[in-house]
Structure formats: structure tokens, C-alpha cells
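Asks: here's a sequence, model it:
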Amino acid sequence: MAHDPYKMLAEPFSLKDYVVVITGAGGAIGAATAHVLAAAGAKVVVSDLSLETAKQAADNVRAWTGQDTLAVRTDVTSESDQKALVDATLERFGKVNALINNVGWGEYTPLWDVSMEYMVKSYILNTVSAYSMTKHFLPHLKEQENASVTFSGSAVGTTPSPEFISYSNAKAALLHMSRSIAALAGPHLRSNSIVIGSVDNGEATLKAGYDQAMLKRLADSFVMKRRGTPYDIAYAFNFLISPAASWITGLQMTVDGGGSYKSKMPTDD
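Replies: Numbers count the residues shown, from 1 in each chain. Take a look at the predicted model:
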């Protein structure tokens with residue numbers, strides 16, 4: 001894909017004339033991403049399991065940025081809902097340039113207390129749904145220049161995480177799937193993922209099994225000495241979708257505040 005170098009220098013991260021679909025866009029990261037992408041010029045399709053939440057997020061984006069938005073209720077584990085999301089996007093905007101598979105959920109689960117049914121449900125929600133969603137959007141994405149699909153990965157999918165065994169397994173599979181899609185779908189579609197560190201998702205973080213003392217210890221352990229904000233992740237999505245990233249595919253971009261650091265020369269302190 002060739003670009004006008006002067007235009008690129010002026011607006012390398014612009015998403016003007018882009019149509020972007022975000023799943024799980026009613027949550028903290030999804031909603032922040034919708035705001036950032038709309039501010040960059042994109043028309044955003046806000047998809048969420050709750051139609052009320054999706055509408056609220058879309059209304060906020062429209063009020064703050066003036067960009068046209070569309071709210072769609074979608075159960076990402078339902079293939080008929082996925083197809084309906086494709087149809088609604090094309091009916092409203094006539095095209096789609098980028099898909100963000102942002103839906104994901106995991107909670108603390110003792111290693112040997114997870115049933116096979118629970119493990120499978122986690123895999124369907126976190127991995128299989130993203131595969132199927134991408135498959136249904138693929139023919140329409142490939143019609144556009146610099147088309148991309150981006151996946152919300154997790155740091156627990158890159159390190160041993162027995163406390164989140166079902167979620168971490170599913171997220172590890174998601175990262176591998178993103179690279180596989182990149183290998184075969186290029187050059188017509190770029191596929192990347194963001195390995196997301198500990199982000200302040202409000203109540204969602206507490207529901208996953210954390211308490212405030214745990215979160216304080218996590219923040220103190222990071223190189224940047226804080227947990228991430230939803231906007232930290234949203235800016236990374238903006239980059240990976242933009243023309244500035246048009247030669248980037250198969251990437252796992254880690255956004256985790258530098259992660260935890262422990263000296264190789266430990267002391268008693």
C-alpha cells in the first residue's frame with residue numbers, strides 16, 4: 001500500500017473516512033477506544049451485549065466528537081448476531097475498514113477447580129467468537145485499503161497464569177490465532193493483537209477477583225508505577241489501525257507499563 005508521504009507526515013494517525021467496528025464497546029477499554037478512534041476521524045460501530053450500554057456509549061461518542069456512530073446489540077457467541085452486526089454496519093455505512101475484537105472476560109479460578117464446560121465456554125467467548133467474527137467481516141474488510149483486524153489479548157496469555165487457567169489458555173490461543181490470520185490474510189488484511197497489562201476497569205477488575213490491596217501491590221511492581229487506563233490501550237488501537245501501521249501485521253504489541261521488574265541481583269530490601 002502506497003501513501004502520499006506529505007499527507008502521512010501531517011496526519012499519520014488519522015482515521016478520516018474509516019468505519020471501525022468495536023465489540024465489547026460498552027466496557028471501559030471499548031468505550032475509550034470508541035472515543036479515541038472517533039476523535040481521529042472514524043465512524044464507529046459500538047457493539048455490546050447490552051443494547052442500552054451500547055447506545056449510551058455511542059451517544060457519548062457522538063456528543064463529544066460529532067462523529068456518526070451506530071449502536072448494535074451483539075452476543076458475540078451467537079453466529080446469527082455476528083452476521084446481523086455485519087449487515088447493520090454495511091447498511092448504515094456501506095463499508096468497514098477495521099474490526100476490533102475486544103470482547104473478553106476471565107476471573108480467578110483455582111487451578112484444579114475448573115470444569116471442562118467452564119473451560120470450553122471461556123474458549124468460545126475469548127477466542128472462537130473472535131475467529132468467527134473476523135471470518136464474517138473478512139470479505140468486506142478486504143475490499144478496503146489498509147484493512148485490519150485487531151485483537152484484545154492479555155498479559156496472562158503470555159506468562160504462566162494458573163490463577164486464571166481458563167482465561168489465560170484462551171488468550172494464549174487468541175494471540176496465536178492472530179499471527180496465523182496475519183500469515184494467510186496478507187496483504188489484503190493486517191492482523192495484530194495488543195497484549196494488555198493490568199488496566200483500571202473499575203468494577204470489572206474487582207469482579208475478576210482482585211481487591212484494592214492486590215491492585216496497589218500490582219501498581220507498585222510495574223516499571224511505570226501505575227496501572228494502565230483504558231485510554232492507554234485505546235491509543236495503541238488507534239496506531240495499529242492507522243496508515244502509520246500499514247506495514248505492520250502479525251504483531252503482538254505489549255502495553256503494560258513496562259511490566260514488573262525484579263533485580264537480577266536481589267537484596268534484602
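Asks: check the gap between residue 99 and residue 188 for me.
Replies: 14 Å (CB to CB, to the nearest Å). C-betas here are computed from N, CA, C, even on glycine.
Asks: meant to ask about residue 139, not that
Replies: Residue 139 is 10 Å from residue 188, by CB to CB.
Asks: between these two, which one's more packed in?
Replies: Neighbours were counted for residue 139 and for residue 188 using other CB atoms under 10 Å; residue 188 has more, 12 against 9.
Asks: SS state for that one?
Replies: Three-state assignment for residue 188 (DSSP: H, G, I helix; E, B strand; the rest coil): coil.
Asks: list the contacts of it.
Replies: 141-142, 147 (CB atoms under 8 Å, 6 or more residues apart in numbering).
Asks: do the same with residue 241
Replies: Residue 241 neighbours (CB under 8 Å, 6+ apart): 15, 18, 20, 37, 42, 97-98, 100, 148, 150.
Asks: most neighbours of all those residues, which one?
Replies: Neighbour-wise, those (other CB under 10 Å) top out at residue 100, 31 neighbours.
Asks: now for that one: which residues touch it?
Replies: Residue 100 neighbours (CB under 8 Å, 6+ apart): 20-23, 30, 33, 149-152, 237, 241.
Asks: mind redoing it with 10 Å?
Replies: 20-25, 29-30, 33-34, 37, 44-45, 47, 130, 133, 148-152, 194, 234, 237, 240-241 (CB atoms under 10 Å, 6 or more residues apart in numbering).
Asks: what helix or strand is it located in?
Replies: strand 98-101 (DSSP states H and E).
Asks: remind me which residues of the stretch 151-269 of the chain are low pLDDT?
Replies: 204-208, 268-269 (pLDDT under 70).
Asks: so what does the longest helix along the chain touch, helix or strand wise?
Replies: In the chain, ranked by residue count with DSSP state H as the criterion, the top helix is helix 165-185. Helix 165-185 sits against strand 98-101, helix 116-123, helix 129-141, strand 148-154, strand 190-196, strand 252-255, with contacts defined as 3 or more CB pairs under 10 Å, 6 or more residues apart in numbering; DSSP states H and E.
Asks: so what does the fifth one touch, helix or strand wise?
Replies: Meaning strand 190-196. strand 98-101, helix 129-141, strand 148-154, helix 165-185, helix 230-241, strand 252-255.
Asks: buried set for the fifth one?
Replies: Spelled out, that is helix 230-241. Across helix 230-241, burial judged by 16 or more other CB atoms under 10 Å covers 230, 232-241.
Asks: export these to CSV and append columns for distance to residue 81.
Replies: Formatted as CSV, the buried residues of helix 230-241 follow (distance: CB to CB, whole Å):
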residue, distance to residue 81
230, 24
232, 29
233, 24
234, 24
235, 29
236, 27
237, 22
238, 26
239, 29
240, 25
241, 23
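Asks: which one of these is nearest to residue 181?
Replies: Using CB to CB, residue 240 is the member of these that lies nearest residue 181, at 13.8 Å.
Asks: the closest one reaches residue 250, doesn't it?
Replies: No: using CB atoms under 10 Å, residue 240 is not in contact with residue 250; the gap is 11.5 Å.
Asks: overlap in contacts, the two.
Replies: Joint contacts of residue 240 and residue 250 (CB under 10 Å, 6+ apart) are 190-193.
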